[in-house]
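K.L.:
got a sequence here, can you model it:
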Amino acid sequence: MSKITQLDTSYDLWLSYTWSNNNHGICGHTFEVIDYYYILKDNFKTGIFLAEDITWDMFEQTIRSKYAFTEDEIADIKANTVFADRPTLVKGKNILFTDGGIVNMQHVTLLFDHIFYFACGNKEIKDNDKDNVWILQDDRVYEPVKKNGVNYKKKILFEKLKPLGPSKDAVLVYATKNCRDLNNYEELLQYGNNILAITNKENKPKPINGFTFVVPPVENLFEQFSTYIYTPVTRKWVCSPRFIAECKYYGKTVVFHNIDYWDEDRGLYWRNWDIENDFDSLNLRSQDDVVNILKGII
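P.N.:
Purely as a prediction, here's the structure:
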(Lines give C-alpha, C1' and ligand atoms only; values in the text may rest on other atoms or scores of the structure.)
Protein backbone atom coordinates (compact mmCIF):
# COMPACT_ATOMS: atom_id res chain seq x y z
CA MET A 1 0.00 0.00 0.00
CA SER A 2 1.37 3.39 -0.99
CA LYS A 3 2.07 5.94 1.71
CA ILE A 4 2.01 9.44 0.24
CA THR A 5 3.48 12.61 1.77
CA GLN A 6 2.78 16.00 0.21
CA LEU A 7 5.27 18.51 1.59
CA ASP A 8 4.27 22.16 1.84
CA THR A 9 5.22 23.74 -1.50
CA SER A 10 5.64 27.15 0.09
CA TYR A 11 9.01 25.78 1.27
CA ASP A 12 11.86 26.31 -1.18
CA LEU A 13 13.92 23.45 0.22
CA TRP A 14 13.53 20.39 2.44
CA LEU A 15 16.42 18.70 4.24
CA SER A 16 16.34 14.99 4.91
CA TYR A 17 18.26 11.72 4.93
CA THR A 18 17.09 8.56 3.26
CA TRP A 19 14.92 5.83 4.76
CA SER A 20 14.43 2.11 4.30
CA ASN A 21 13.23 -0.84 6.36
CA ASN A 22 16.46 -0.53 8.32
CA ASN A 23 16.62 2.36 10.76
CA HIS A 24 19.52 4.82 10.82
CA GLY A 25 18.52 6.04 14.25
CA ILE A 26 20.22 9.20 15.47
CA CYS A 27 23.39 9.38 13.40
CA GLY A 28 25.77 11.77 11.70
CA HIS A 29 23.23 12.44 8.95
CA THR A 30 20.79 13.67 11.61
CA PHE A 31 23.35 16.21 12.77
CA GLU A 32 24.04 17.24 9.18
CA VAL A 33 20.36 18.00 8.69
CA ILE A 34 20.45 20.21 11.79
CA ASP A 35 23.71 21.91 10.78
CA TYR A 36 22.59 22.75 7.27
CA TYR A 37 19.11 23.82 8.35
CA TYR A 38 20.70 26.45 10.58
CA ILE A 39 22.56 28.15 7.73
CA LEU A 40 20.11 27.55 4.88
CA LYS A 41 17.00 28.85 6.66
CA ASP A 42 18.31 32.40 6.33
CA ASN A 43 18.59 32.06 2.55
CA PHE A 44 15.59 29.88 1.65
CA LYS A 45 12.33 28.91 3.28
CA THR A 46 13.67 25.62 4.60
CA GLY A 47 12.08 22.64 6.32
CA ILE A 48 13.28 19.37 7.82
CA PHE A 49 11.68 16.09 6.74
CA LEU A 50 12.35 12.96 8.83
CA ALA A 51 10.84 9.68 7.68
CA GLU A 52 12.23 7.02 10.04
CA ASP A 53 11.44 5.88 13.58
CA ILE A 54 11.98 9.27 15.16
CA THR A 55 9.67 11.57 17.11
CA TRP A 56 9.95 15.21 18.08
CA ASP A 57 10.86 14.20 21.65
CA MET A 58 13.80 12.13 20.35
CA PHE A 59 14.84 14.86 17.94
CA GLU A 60 14.65 17.56 20.59
CA GLN A 61 16.71 15.50 23.02
CA THR A 62 19.34 15.05 20.32
CA ILE A 63 19.42 18.80 19.63
CA ARG A 64 19.69 19.75 23.29
CA SER A 65 22.38 17.17 24.04
CA LYS A 66 24.69 18.32 21.24
CA TYR A 67 23.99 21.96 20.46
CA ALA A 68 23.84 25.29 22.27
CA PHE A 69 20.73 26.56 20.50
CA THR A 70 18.49 29.12 22.18
CA GLU A 71 14.90 28.26 23.07
CA ASP A 72 13.71 30.37 20.14
CA GLU A 73 16.01 28.48 17.77
CA ILE A 74 14.72 25.13 19.02
CA ALA A 75 11.13 26.33 18.66
CA ASP A 76 11.93 27.38 15.09
CA ILE A 77 13.30 23.92 14.27
CA LYS A 78 10.17 22.30 15.71
CA ALA A 79 7.86 24.58 13.72
CA ASN A 80 9.62 23.63 10.48
CA THR A 81 10.05 19.87 10.97
CA VAL A 82 7.74 17.26 9.47
CA PHE A 83 7.71 13.57 10.42
CA ALA A 84 6.47 10.66 8.33
CA ASP A 85 6.59 6.87 8.47
CA ARG A 86 8.66 5.71 5.49
CA PRO A 87 6.49 7.08 2.68
CA THR A 88 6.64 5.47 -0.76
CA LEU A 89 5.81 8.71 -2.59
CA VAL A 90 6.93 12.20 -1.55
CA LYS A 91 6.19 15.43 -3.39
CA GLY A 92 7.52 18.94 -2.87
CA LYS A 93 9.61 21.70 -4.46
CA ASN A 94 13.24 20.82 -3.76
CA ILE A 95 14.98 18.42 -1.37
CA LEU A 96 18.54 17.87 -0.17
CA PHE A 97 19.55 14.51 1.29
CA THR A 98 22.56 14.61 3.59
CA ASP A 99 23.42 11.02 2.69
CA GLY A 100 23.85 9.10 -0.55
CA GLY A 101 21.27 6.43 0.18
CA ILE A 102 18.95 7.79 -2.49
CA VAL A 103 20.56 5.35 -4.94
CA ASN A 104 19.02 2.52 -2.89
CA MET A 105 15.51 4.04 -2.72
CA GLN A 106 14.05 2.50 -5.86
CA HIS A 107 10.92 1.69 -3.87
CA VAL A 108 10.25 5.40 -3.28
CA THR A 109 8.95 7.90 -5.83
CA LEU A 110 10.34 11.41 -5.33
CA LEU A 111 8.48 14.17 -7.17
CA PHE A 112 10.57 17.33 -6.80
CA ASP A 113 11.81 20.06 -9.10
CA HIS A 114 15.37 19.33 -7.95
CA ILE A 115 16.87 16.57 -5.80
CA PHE A 116 20.28 17.13 -4.22
CA TYR A 117 22.37 14.73 -2.21
CA PHE A 118 25.78 14.58 -0.62
CA ALA A 119 27.83 11.73 -2.07
CA CYS A 120 28.12 9.19 0.72
CA GLY A 121 28.04 5.45 1.24
CA ASN A 122 29.50 3.04 -1.28
CA LYS A 123 32.06 5.05 -3.24
CA GLU A 124 31.18 3.37 -6.53
CA ILE A 125 27.41 3.94 -6.32
CA LYS A 126 26.91 7.62 -6.91
CA ASP A 127 26.49 8.23 -10.63
CA ASN A 128 23.50 10.04 -12.05
CA ASP A 129 21.72 10.22 -15.39
CA LYS A 130 18.77 12.45 -14.42
CA ASP A 131 18.50 16.13 -15.31
CA ASN A 132 17.04 17.19 -11.94
CA VAL A 133 19.36 15.22 -9.64
CA TRP A 134 22.52 16.93 -8.37
CA ILE A 135 25.41 15.24 -6.54
CA LEU A 136 27.51 17.35 -4.18
CA GLN A 137 30.81 15.55 -3.70
CA ASP A 138 34.41 16.15 -2.67
CA ASP A 139 36.28 15.74 -5.96
CA ARG A 140 39.43 14.72 -4.08
CA VAL A 141 37.58 11.67 -2.81
CA TYR A 142 35.33 10.69 -5.73
CA GLU A 143 35.79 10.27 -9.45
CA PRO A 144 33.75 12.71 -11.59
CA VAL A 145 30.07 11.87 -12.04
CA LYS A 146 28.40 11.53 -15.43
CA LYS A 147 26.00 14.44 -14.93
CA ASN A 148 25.30 17.29 -12.47
CA GLY A 149 28.26 16.78 -10.18
CA VAL A 150 29.30 19.70 -7.96
CA ASN A 151 32.60 19.85 -6.07
CA TYR A 152 31.74 20.31 -2.39
CA LYS A 153 32.90 18.94 0.95
CA LYS A 154 30.60 18.57 3.92
CA LYS A 155 31.22 20.80 6.89
CA ILE A 156 30.22 21.04 10.56
CA LEU A 157 28.41 23.80 12.47
CA PHE A 158 31.12 24.13 15.11
CA GLU A 159 29.88 27.50 16.39
CA LYS A 160 26.68 25.98 17.79
CA LEU A 161 28.15 22.88 19.44
CA LYS A 162 27.75 22.81 23.21
CA PRO A 163 30.74 23.96 25.24
CA LEU A 164 32.31 21.16 27.28
CA GLY A 165 32.48 20.81 31.01
CA PRO A 166 35.42 19.07 32.72
CA SER A 167 36.45 15.94 30.81
CA LYS A 168 37.60 12.59 32.18
CA ASP A 169 41.09 11.27 31.52
CA ALA A 170 39.90 8.19 29.68
CA VAL A 171 40.15 6.50 26.29
CA LEU A 172 37.14 6.03 24.02
CA VAL A 173 36.64 3.34 21.41
CA TYR A 174 33.62 2.47 19.28
CA ALA A 175 33.05 -1.30 19.16
CA THR A 176 29.62 -1.30 17.60
CA LYS A 177 28.40 -4.38 15.80
CA ASN A 178 27.55 -2.96 12.39
CA CYS A 179 31.06 -2.00 11.26
CA ARG A 180 33.47 -1.71 14.22
CA ASP A 181 33.05 -5.04 15.99
CA LEU A 182 36.28 -5.83 17.88
CA ASN A 183 37.81 -9.27 18.31
CA ASN A 184 40.75 -8.35 20.51
CA TYR A 185 40.00 -5.77 23.18
CA GLU A 186 43.18 -6.45 25.15
CA GLU A 187 45.44 -5.03 22.41
CA LEU A 188 43.86 -1.62 23.04
CA LEU A 189 45.21 -1.56 26.61
CA GLN A 190 48.44 -0.17 25.13
CA TYR A 191 46.59 3.17 25.04
CA GLY A 192 45.54 3.10 28.71
CA ASN A 193 43.73 1.05 31.31
CA ASN A 194 40.65 3.23 31.55
CA ILE A 195 38.85 2.58 28.29
CA LEU A 196 35.22 3.41 27.57
CA ALA A 197 33.95 1.04 24.88
CA ILE A 198 30.67 1.80 23.14
CA THR A 199 28.99 -1.40 21.99
CA ASN A 200 25.55 -2.71 21.13
CA LYS A 201 23.52 -5.01 23.34
CA GLU A 202 24.14 -7.83 20.85
CA ASN A 203 27.95 -7.74 21.01
CA LYS A 204 28.60 -6.41 24.51
CA PRO A 205 31.27 -8.73 25.95
CA LYS A 206 31.72 -10.05 29.46
CA PRO A 207 33.66 -7.76 31.82
CA ILE A 208 37.30 -7.12 30.89
CA ASN A 209 39.77 -5.42 33.22
CA GLY A 210 40.46 -1.87 32.12
CA PHE A 211 37.21 -1.52 30.13
CA THR A 212 33.82 -0.01 30.82
CA PHE A 213 31.19 -1.12 28.32
CA VAL A 214 28.21 1.10 27.53
CA VAL A 215 25.38 1.03 25.01
CA PRO A 216 24.56 4.30 23.20
CA PRO A 217 23.40 6.95 23.53
CA VAL A 218 26.01 8.25 25.98
CA GLU A 219 25.11 11.51 27.68
CA ASN A 220 27.71 14.28 27.38
CA LEU A 221 29.91 11.92 25.38
CA PHE A 222 32.77 14.33 24.74
CA GLU A 223 33.18 14.87 28.48
CA GLN A 224 33.77 11.15 29.02
CA PHE A 225 37.19 10.88 27.33
CA SER A 226 40.43 12.63 26.44
CA THR A 227 41.70 10.25 23.73
CA TYR A 228 39.75 8.57 20.93
CA ILE A 229 40.96 5.38 19.27
CA TYR A 230 39.90 5.29 15.63
CA THR A 231 39.65 1.60 14.69
CA PRO A 232 39.25 0.06 11.22
CA VAL A 233 35.85 -0.25 9.59
CA THR A 234 35.00 -3.44 7.74
CA ARG A 235 34.47 -1.85 4.33
CA LYS A 236 37.64 0.29 4.62
CA TRP A 237 35.73 3.37 3.53
CA VAL A 238 34.24 6.31 5.41
CA CYS A 239 32.93 9.23 3.38
CA SER A 240 33.70 12.23 5.57
CA PRO A 241 34.13 11.17 9.21
CA ARG A 242 32.58 13.71 11.52
CA PHE A 243 33.70 12.44 14.90
CA ILE A 244 37.43 12.99 14.38
CA ALA A 245 36.74 16.58 13.30
CA GLU A 246 34.69 17.16 16.45
CA CYS A 247 37.56 15.68 18.47
CA LYS A 248 39.88 18.28 16.94
CA TYR A 249 37.41 21.05 17.78
CA TYR A 250 37.19 19.91 21.41
CA GLY A 251 40.94 19.35 21.79
CA LYS A 252 40.81 15.55 22.00
CA THR A 253 43.68 13.32 20.93
CA VAL A 254 42.93 10.91 18.09
CA VAL A 255 44.92 7.68 17.67
CA PHE A 256 44.56 5.69 14.46
CA HIS A 257 44.77 2.01 15.40
CA ASN A 258 45.67 -0.51 12.67
CA ILE A 259 44.64 1.83 9.85
CA ASP A 260 46.70 0.50 6.97
CA TYR A 261 44.38 1.47 4.12
CA TRP A 262 44.84 5.23 3.78
CA ASP A 263 45.24 4.96 0.00
CA GLU A 264 41.97 3.04 -0.25
CA ASP A 265 39.92 5.18 2.12
CA ARG A 266 40.19 8.58 0.49
CA GLY A 267 37.33 9.92 2.58
CA LEU A 268 39.26 9.31 5.79
CA TYR A 269 42.54 10.44 4.23
CA TRP A 270 41.27 13.82 3.06
CA ARG A 271 39.17 14.50 6.16
CA ASN A 272 42.23 13.89 8.32
CA TRP A 273 44.35 16.02 5.96
CA ASP A 274 41.90 18.90 6.33
CA ILE A 275 41.88 18.50 10.10
CA GLU A 276 45.67 18.71 10.25
CA ASN A 277 46.27 21.32 7.54
CA ASP A 278 43.10 23.33 6.82
CA PHE A 279 40.77 22.87 9.77
CA ASP A 280 38.96 26.16 9.24
CA SER A 281 37.73 24.88 5.86
CA LEU A 282 35.53 22.38 7.75
CA ASN A 283 33.67 25.13 9.62
CA LEU A 284 30.10 25.58 8.34
CA ARG A 285 29.24 29.27 8.22
CA SER A 286 26.25 31.31 7.11
CA GLN A 287 27.65 32.11 3.66
CA ASP A 288 28.97 28.67 2.88
CA ASP A 289 29.49 27.67 -0.77
CA VAL A 290 26.38 25.48 -0.60
CA VAL A 291 24.21 28.60 -0.45
CA ASN A 292 25.35 29.84 -3.86
CA ILE A 293 25.33 26.33 -5.31
CA LEU A 294 21.66 25.96 -4.40
CA LYS A 295 20.76 29.50 -5.45
CA GLY A 296 22.28 28.85 -8.85
CA ILE A 297 20.01 25.86 -9.41
CA ILE A 298 16.71 26.51 -7.62
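K.L.:
run a quick neighbour tally on N80.
P.N.:
18 (other C-beta atoms under 10 Å). The way it works is simple: take the backbone N, C-alpha and C, and place the C-beta from them, glycine included.
K.L.:
cool, and I275?
P.N.:
As a burial measure, I275 scores 18 neighbours (other C-beta under 10 Å).
K.L.:
could you measure it against Q137, distance?
P.N.:
Counting by C-beta to C-beta, to the nearest Å, the gap from I275 to Q137 is 19 Å.
K.L.:
let's verify S281: helix, strand, or coil?
P.N.:
helix (DSSP: H, G, I helix; E, B strand; the rest coil).
K.L.:
wait, it sits on I275?
P.N.:
No. With contact defined as C-beta atoms under 8 Å, S281 and I275 do not form a contacting pair (9.8 Å).
K.L.:
mind listing the helices for the stretch 51-200 of the chain?
P.N.:
Secondary structure of the stretch 51-200 of the chain, counting by DSSP state H, counting those that start in this stretch: helices at 56-66, 71-79.
K.L.:
so where's the stretch 1-150 of the chain shaky on pLDDT?
P.N.:
Within the stretch 1-150 of the chain, the set of residues satisfying pLDDT under 70 comprises 1-2, 23-24, 121-126.
K.L.:
identify the residues contacting stretch 242-249?
P.N.:
The contact list for stretch 242-249 (C-beta atoms under 8 Å, 6 or more residues apart in numbering) reads 28, 31-32, 156, 158, 161, 222, 228, 230, 253-254, 271-272, 274-275, 279, 282.
K.L.:
out of those, which are inside strands?
P.N.:
Secondary-structure check on the contacts of stretch 242-249 using DSSP state E: residues within strands are 228, 230, 253-254.
K.L.:
buried members of the contacts of stretch 242-249 into ChimeraX, please.
P.N.:
Buried residues among these (16 or more other C-beta atoms under 10 Å), as a ChimeraX selection:
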select :28,31,32,156,158,161,222,228,230,254,271,272,274,275,282
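K.L.:
just list the residues touching L7, thanks.
P.N.:
Counting by C-beta under 8 Å, 6+ apart, L7 makes contact with 14, 47, 49, 82, 90-93, 95.
K.L.:
quick check on those residues: which are buried?
P.N.:
Applying a neighbour-count criterion of 16+ other C-beta under 10 Å, the buried members of the contacts of L7 are 14, 47, 49, 82, 90, 92-93, 95.
K.L.:
farthest-separated two in the residues you listed?
P.N.:
Spanning the widest gap among the buried ones among the contacts of L7 are V82 and K93, at 13.5 Å by C-beta to C-beta.
K.L.:
who touches both of those two?
P.N.:
Shared contacts of V82 and K93, defined by C-beta under 8 Å, 6+ apart, are found at 7, 14.
K.L.:
quick one: distance of stretch 150-157 to the chain centre.
P.N.:
Relative to the centre of its chain, stretch 150-157 is centred 12 Å away, using C-alpha atoms, centre = their mean, to the nearest Å.
K.L.:
nope, stretch 133-140 is what I was after
P.N.:
A distance of 16 Å separates the C-alpha centroid of stretch 133-140 from that of its chain, computed with C-alpha atoms, centre = their mean.
K.L.:
what's in contact with it?
P.N.:
Residues from elsewhere that reach stretch 133-140, judged by C-beta under 8 Å, 6+ apart: 102, 114-119, 126, 128, 145, 148-154, 240, 266-267, 270, 290, 293, 297.
K.L.:
please redo it, this time with the cut-off set to 7 Å
P.N.:
114-119, 126, 128, 145, 148-153, 240, 266, 270, 297 (C-beta atoms under 7 Å, 6 or more residues apart in numbering).
K.L.:
so for that stretch, what gets flagged as buried?
P.N.:
Counting neighbours by 16+ other C-beta under 10 Å, the buried set in stretch 133-140 is 133-138.
K.L.:
just stretch 194-201 next, same as before
P.N.:
So for stretch 194-201, counting by 16+ other C-beta under 10 Å, buried means 194-199.
K.L.:
export those residues to JSON lines and tack on distance to V218 and pLDDT?
P.N.:
Rendered in JSON lines, the data for the buried residues of stretch 194-201 read as follows (distance: C-beta to C-beta, whole Å; pLDDT from 0 to 100):
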{"residue": "N194", "distance to V218": "15", "pLDDT": "97"}
{"residue": "I195", "distance to V218": "14", "pLDDT": "98"}
{"residue": "L196", "distance to V218": "8", "pLDDT": "97"}
{"residue": "A197", "distance to V218": "11", "pLDDT": "95"}
{"residue": "I198", "distance to V218": "6", "pLDDT": "92"}
{"residue": "T199", "distance to V218": "11", "pLDDT": "91"}
